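Asks: no letters, just coordinates:
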Ligand SMILES: Nc1ncnc2c1ncn2[C@@H]1O[C@H](COP(=O)(O)OP(=O)(O)OP(=O)(O)O)[C@@H](O)[C@H]1O
Ligand SMILES: [Mg+2]
């Protein structure tokens, strides 16, 4: 059984349809990427999965259980967490407090302590700034914090919305390395929304191309990287 | 400030002076005397230079102050004797014996207060302590949760009327059964908390999706509606006349004369305030409190972290309402008389002002703000008619020069022990 599966999901904003019959599958342990132009509906897809935006029809299965009618907090407790678009860290809370918010539903205090160490190991920069308010971090540091915060939930599946947005090229590389590392070391399944299709497809197993709320292509990452159409439209080659 | 800058400041001040003189001319210079059916306009020209000069000076000083405020952070702090003394006090307070000593002294002052200063001052202090409780409660809602609740006085009223109505309807039964009516206070205290919590949850339901201005308007309307209901259900609540002769709290069946009664209520208030501070601090340091703050900062991110927003908001309103309810009982017991006029929008705004002046989200700030706002007017009675004006000016000055309030929130810093010895980043301690 797939870890996460979307079946014919339709989402509306008022009477504007943002998602049309989206179907996709994410297997356990995979990195799956969703690419598409601005306004294609990528963020809407993520928000629909998390239950923050309600879907009008279709099914969203996590471990075979339909979560489309559940509240966001119930979904988080089932092992799904996200790095939202635009980071959305809590500006007045310190780095440590932000991280602790990530572990909000967890009760295992000892393990949480160890997880602090783990994310500080991944991003040493955050360790230095642990008592600094989140809002005073640089853009890149905020992105690290957003990723770390999501990791603090110890998710089985991590949804990420454009983690490379607004970062320096060298740092973008860094972030993708980290994503790969999280996937391998922590065996976390990753569903990655990206504009940077080239980098995303390089680390992903599978990719979906979203266009105007419709899935246009669903292929293995290699095939998409080689595809003429994709190369032209999303890789700028 | 350089020459050119100074010149432009002077010109700006001059412009505002002219503008004010034109605006104030009809009020301050012209005076209409009606004598014998004929209106005679008297021009009091001597007023003109007085107005002009004072406005010019004020305007210039204000500009200088703003300028100073802007560049305040540029310079590295200079060590003045005053800051030396402050640092010395702060380090001294960190030492345990000194800290304990200061606490003991403070406790002694608090305990001795009614005996040293007498009934008049004790009563004023009780009122101030009631406001401290209100401010601490509203601080949870506004300071931590970021939910602007302008109907807070309604919960205060719920508390007071719980006691009042209990007295009105259960009092006769108590008397005929020969039970001391002073017991009613001790029954009212917990029940008012519970009933206020229920009202808090009820109010939170319709406003779950609202924030900011919309929330403020709806809660404001709720507060006023509640007062209107109290006022207009005369048969039940006593209407505008209210409820009187509310008994004082029971103390082993002893009938206390007014002076001792005030002292007794003062001690009850002190205990309740300490209890409030204790609980509110626990909330602030807990995950629940953190979640409230997170909700204030970003609701969507909060949801993504697994925070149940609905429950969180209900809890915020309920917690805030609880303290208002308790404070209400105390008010009824102190004044022995309640009517709807004690719970107007003005009360809600006063409490809110106390929080803003003290420092939003800060517990010492809320306490300090409430004490200042309640005690100062009592001791500056001659200025009572300018109260609003003074509050307004104080608010503007604080918002511009000390936007975090007089005693800003001091974020707790968590220590964190690193696993490897090689790291060079020591945990920062508070
Ligand atoms: N709250 C909203 N109300 C109305 N329309 C919305 C709302 N949010 C998104 N939309 C619309 O839905 C469509 C998809 O938006 P979405 O944010 O999912 O795009 P995206 O693929 O994430 O784009 P980007 O790469 O720019 O982030 C857009 O046309 C957008 O205008
Ligand atoms: Mg998007």
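Replies: Ah, there it is. As the structure is a prediction and not an experimental result, all values here were calculated from the model. Numbers count the residues shown, from 1 in each chain, chains lettered A, B, ... in the order given. Ligands and ions are numbered 1, 2, ... in the order given.

Asks: could you list the buried residues of the helix or strand that residue B:203 is a member of?
Replies: In the assignment (DSSP states H and E), residue B:203 maps to helix B:183-204. For helix B:183-204, a neighbour-count test (16 or more other Cβ atoms under 10 Å in any protein chain shown) marks B:184-185, B:187-189, B:191-193, B:195-197, B:199-200, B:203-204 as buried. No exception for glycine: its C-beta is placed from N, CA and C like everyone else's.

Asks: helices or strands up against it?
Replies: Secondary-structure packing of helix B:183-204 (3 or more Cβ pairs under 8 Å, 6 or more residues apart in numbering or on different chains; DSSP states H and E): helix B:152-177, helix B:309-335.

Asks: quick one: average confidence on that helix?
Replies: Mean per-residue pLDDT for helix B:183-204: 92.

Asks: just stretch A:181-197 next, same as before
Replies: According to the model, stretch A:181-197 has a mean pLDDT of 91.

Asks: can you check stretch A:28-36 too?
Replies: Mean per-residue pLDDT for stretch A:28-36: 93.

Asks: how's chain A carved up into domains?
Replies: Following the assignment in automatic domain parsing, chain A carries domains at A:1-79+A:156-237, A:89-154.

Asks: what's the longest helix in chain A?
Replies: If you go by DSSP state H, chain A has its longest helix at helix A:169-185.

Asks: got the contact list for that one?
Replies: A:29, A:31, A:122-123, A:140, A:143, A:147, A:151, A:158, A:160, A:163-164, A:167, A:188-190, A:192, A:196, A:199-200, A:202-203 (Cβ atoms under 8 Å, 6 or more residues apart in numbering or on different chains).

Asks: select only the buried ones of the residues you listed in ChimeraX?
Replies: Buried subset of the contacts of helix A:169-185, written as a ChimeraX selection, criterion 16+ other Cβ under 10 Å:
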select /A:31,122,123,140,143,147,151,158,160,163,164,167,188,189,190,192,196,199,200,203
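
Asks: now for the single nearest residue of chain A relative to ligand 2, how many residues are close by?
Replies: As assessed by Cβ to the ion, ligand 2 sits closest to residue A:43 within chain A, at 3.1 Å. Residue A:43 is flanked by 17 other residues according to other Cβ atoms under 10 Å in any protein chain shown.

Asks: tell me which of the helices and strands packed on helix B:183-204 lies nearest to chain A.
Replies: helix B:309-335 (8.1 Å; Cβ to the nearest Cβ).

Asks: can you give me the strands for the chain?
Replies: No chain in the question, so chain A it is. A:4-13, A:16-26, A:31-36, A:57-62, A:65-66, A:80-83, A:157-161, A:189-194, A:206-211, A:214-220 (DSSP state E).

Asks: wrong chain, I was asking about chain B
Replies: Going by DSSP E, chain B shows strands at B:30-35, B:38-43, B:243-244, B:337-338.

Asks: on that earlier part again, what's the helix holding residue B:203 in contact with?
Replies: With Cβ under 8 Å, 6+ apart as the criterion, helix B:183-204 contacts B:151, B:154-155, B:158-160, B:162-163, B:166-167, B:170-171, B:174, B:219, B:222, B:247-250, B:313-314, B:316-322, B:324-326, B:328-329, B:332-333.

Asks: OK, contacts around residue A:186?
Replies: Per Cβ under 8 Å, 6+ apart, neighbours of residue A:186: residue A:151.

Asks: the residue of chain A found nearest chain B - how many residues pack around it?
Replies: When scored by Cβ to the nearest Cβ, chain A has residue A:76 as its residue closest to chain B, at 3.3 Å. Around residue A:76 there are 26 other residues, counting by other Cβ under 10 Å.

Asks: how does chain B divide into domains?
Replies: Split by automatic domain parsing, chain B gives B:3-68, B:112-401.

Asks: for chain B, what's the longest helix?
Replies: helix B:96-138.

Asks: same for that one, what does it pack against?
Replies: Counting contacts by 3+ Cβ pairs under 8 Å, 6+ apart, helix B:96-138 packs against helix B:81-94, helix B:152-177, helix B:258-285, helix B:309-335, helix B:345-358, helix B:363-379.

Asks: adding distance to residue B:112, write these out as CSV.
Replies: Converted to CSV, the helices and strands packed on helix B:96-138 look like this (distance: least, Cβ to Cβ, whole Å):
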stretch, distance to residue B:112
helix B:81-94, 22
helix B:152-177, 29
helix B:258-285, 11
helix B:309-335, 20
helix B:345-358, 25
helix B:363-379, 18
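
Asks: most packed of those?
Replies: Sort these by mean neighbour count, taking mean count of other Cβ atoms under 10 Å in any protein chain shown, and helix B:309-335 sits at the top with a mean of 25.

Asks: related to what we said a few turns ago, out of the strands of chain A, flag the one nearest residue B:132.
Replies: strand A:80-83 (40.5 Å; Cβ to Cβ).

Asks: so what strands line up beside that closest one?
Replies: strand A:157-161 (parallel) (DSSP bridges).

Asks: the strand it pairs with: how far from the chain's middle?
Replies: Computed by Cα atoms, centre = their mean, to the nearest Å, the separation of strand A:157-161 from the middle of its chain amounts to 2 Å.

Asks: could you do stretch B:134-146 as well?
Replies: Worked out by Cα atoms, centre = their mean, stretch B:134-146 lies 9 Å from the chain centre.

Asks: and what of stretch A:195-203?
Replies: On Cα atoms, centre = their mean, the centre of stretch A:195-203 falls 14 Å from the chain's centre.

Asks: burial of residue 30, as a residue count?
Replies: Unless you meant another one, I'm taking chain A. 19.

Asks: try again with chain B
Replies: By other Cβ under 10 Å, neighbour count at residue B:30 equals 12.

Asks: next: the one 3 residues further on.
Replies: Here the count is done by other Cβ under 10 Å, and residue B:33 has 9 residues near it.

Asks: good, wrapping up.
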